[in-house]
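Colleague: I would like to see how this sequence folds:
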Amino acid sequence: MSAGAITQPRVLPMDLPGRKTRSERIWRLIRRRPVDAIGAVFVLFTIFTAIFADAMAPTGYAEQDFASRLMAPSAAHWFGTDSLGRDVLSRIIYGARTSMVASTIAVVVSGVLGGVLGVTSGFFGGRFDLVVQRICDSFDTVPLLLMAMLLIVAFGGSLINVALALGLVGSMRVNRVARGSTLSVINTPYLEAAVSLGATSNRLMWRHILPNVMAALIVTLSIQFGGFIIAEAGLSFLGLGVPPPYPSWGGMLSADGRAHFLRAPWLAIAPGIVISVTVLATNLVGDAMRDILDPRQRGA
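Modeller: Numbering: from 1, shown residues only. Got it, this is the predicted structure:
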């Protein structure tokens, strides 16, 4: 080396910037997306409320006090009371359990059924794909709420039947997403390498294809969650949801909310605001997960 050459200092591994910890990455994400973080906190708080409703509710959901019928919001009853003297806040808290349980079961059914149908039909193709997709198209032509109403009328109204009906109808959209994602990765080099190594069809689908379509499925299901909350409230509003006296947000809107709206508007305003804010929060979380998990959005 000549005397005039400039030598570059050696960079040791200890001099390289350290990898961010999980807490640092989460805090950075919160600073970049504060509105989505608020939505996630509200969703977590709603889930916490649903789980510990017995401890958080001031009174029981069916506890009546006829001396306090149709009381306006006050320090004793923050959201007022209904026509039977039941505390509206307590019924909203217990109603969160109804919405969360129904929506969670519906999301699981929708994800499992739609994911299996989409991955298998996209992988095998041919007549199997044609038959599965035409059946799904026939279900998808009927609006979600109407199809759920038909299933509930056929099998009876209960929390499980409502959740299963919503999950069955919602799986048609998940099937489309799973099938499209499967078709996009089925001819990739890593899949051809797995075939050349003797991988079976089951291993190809569940070990190589499914992990690569999970991001799209998670985003779709997170957005569906808010739709299931609205659908469950709509079914309860029409009298096809959870039977009384167990509370649901849609049932509260339908019963006393309509009958006593002019005299006691808080009976409809309180559950209506809770439904709107909860659905908004779940949609914010779904949008955030889409931007985080989608490689095309991650760079932006």
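Colleague: Only C-alpha atoms from now on, for both contacts and neighbour counts.
Modeller: Noted.
Colleague: how many neighbours does residue 264 have?
Modeller: As a burial measure, residue 264 scores 21 neighbours (other CA atoms under 10 Å).
Colleague: so who does it touch?
Modeller: When the contact criterion is CA atoms under 8 Å, 6 or more residues apart in numbering, the partners of residue 264 are 70, 72, 257.
Colleague: which parts of the helix or strand residue 98 falls within are buried?
Modeller: Using DSSP states H and E, residue 98 maps to helix 88-124. Neighbour-count burial for helix 88-124, with 16 or more other CA atoms under 10 Å as criterion, is recorded at 88-123.
Colleague: helices and strands around it, which ones?
Modeller: Packed against helix 88-124 by the contact rule (3 or more CA pairs under 8 Å, 6 or more residues apart in numbering; DSSP states H and E) you find helix 34-51, helix 53-56, helix 126-140, helix 159-185, helix 210-237, helix 249-254.
Colleague: Give me the angle between that helix and helix 159-185.
Modeller: 40 degrees (axes from the mean of the first three to the mean of the last three CA atoms, to 10 degrees).
Colleague: okay but residue 171 is in contact with residue 118, surely?
Modeller: No. Using CA atoms under 8 Å, residue 171 makes no contact with residue 118, being 9.4 Å away.
Colleague: Low-confidence stretches in this protein?
Modeller: Applying pLDDT under 70 to the chain picks out residues 1-23, 25-26, 293-300.
Colleague: Pick out the residue closest to the middle of it.
Modeller: residue 225 (2.3 Å; CA atoms, centre = their mean).
Colleague: how far away is the residue nearest to that residue when sequence neighbours are not counted from residue 252?
Modeller: In space, and not counting its chain neighbours, residue 225 is closest to residue 103: 6.0 Å by CA to CA, 6 or more residues apart in numbering. Separation of residue 103 from residue 252 (CA to CA, to the nearest Å): 18 Å.
Colleague: contacting residues for the nearest residue to residue 86 once chain neighbours are set aside?
Modeller: Leaving aside its sequence neighbours, residue 86 sits nearest to residue 64 (CA to CA, 6+ apart; 4.9 Å). Contacts for residue 64 (CA under 8 Å, 6+ apart) come out as 84-86.
Colleague: what's the answer for residue 247, then?
Modeller: Residue 247 makes contact with 61, 91-92, 94-95, 98, according to CA under 8 Å, 6+ apart.
Colleague: so it sits in a strand?
Modeller: No. Counting by DSSP: H, G, I helix; E, B strand; the rest coil, residue 247 is not part of a strand but coil.
Colleague: where's it relative to residue 186, distance?
Modeller: Distance, residue 247 to residue 186, by CA to CA: 47 Å.
Colleague: same deal with residue 69?
Modeller: 63 Å.
Colleague: what does residue 56 give?
Modeller: 50 Å.
Colleague: neighbour-wise, which of those two wins?
Modeller: residue 186 (17 against 14).
Colleague: Name all residues that make contact with the more buried one.
Modeller: 123, 209.
Colleague: and it, what are its phi and psi?
Modeller: phi -70, psi -20 (degrees, to the nearest 10).
Colleague: Same check on residue 81?
Modeller: phi -130, psi 160.
Colleague: Sticking with residue 63, tell me its helix or strand.
Modeller: Counting by DSSP H and E, residue 63 is part of no helix or strand.
Colleague: where does it sit relative to residue 57, distance-wise?
Modeller: Separation of residue 63 from residue 57 (CA to CA) stands at 11 Å.
Colleague: go on, residue 160?
Modeller: Residue 160 sits 23 Å away from residue 57, going by CA to CA.
Colleague: what's the answer for residue 215, then?
Modeller: Residue 215 is 37 Å from residue 57, by CA to CA.
Colleague: picking that back up, so which of the helices and strands packed on helix 88-124 gets nearest residue 279?
Modeller: helix 210-237 (4.8 Å; CA to CA).
Colleague: Just the buried positions in the closest one, please.
Modeller: In helix 210-237, counting by 16+ other CA under 10 Å, buried: 210, 212-237.
Colleague: That one - contacts with which helices or strands?
Modeller: helix 88-124, helix 144-155, helix 159-185, helix 249-254, helix 266-293.
Colleague: just checking, what packs against the second one?
Modeller: With contacts taken as 3+ CA pairs under 8 Å, 6+ apart, helix 144-155 sits against helix 159-185, helix 210-237.
Colleague: Can you add distance to residue 281 and give these back as CSV?
Modeller: CSV is the format used below for the helices and strands packed on helix 144-155 (distance: least, CA to CA, whole Å):
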stretch, distance to residue 281
helix 159-185, 20
helix 210-237, 8
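Colleague: do you know which of the ones you listed lies nearest residue 44?
Modeller: Minimum separation from residue 44 across those (CA to CA) falls at helix 210-237, 13.3 Å.
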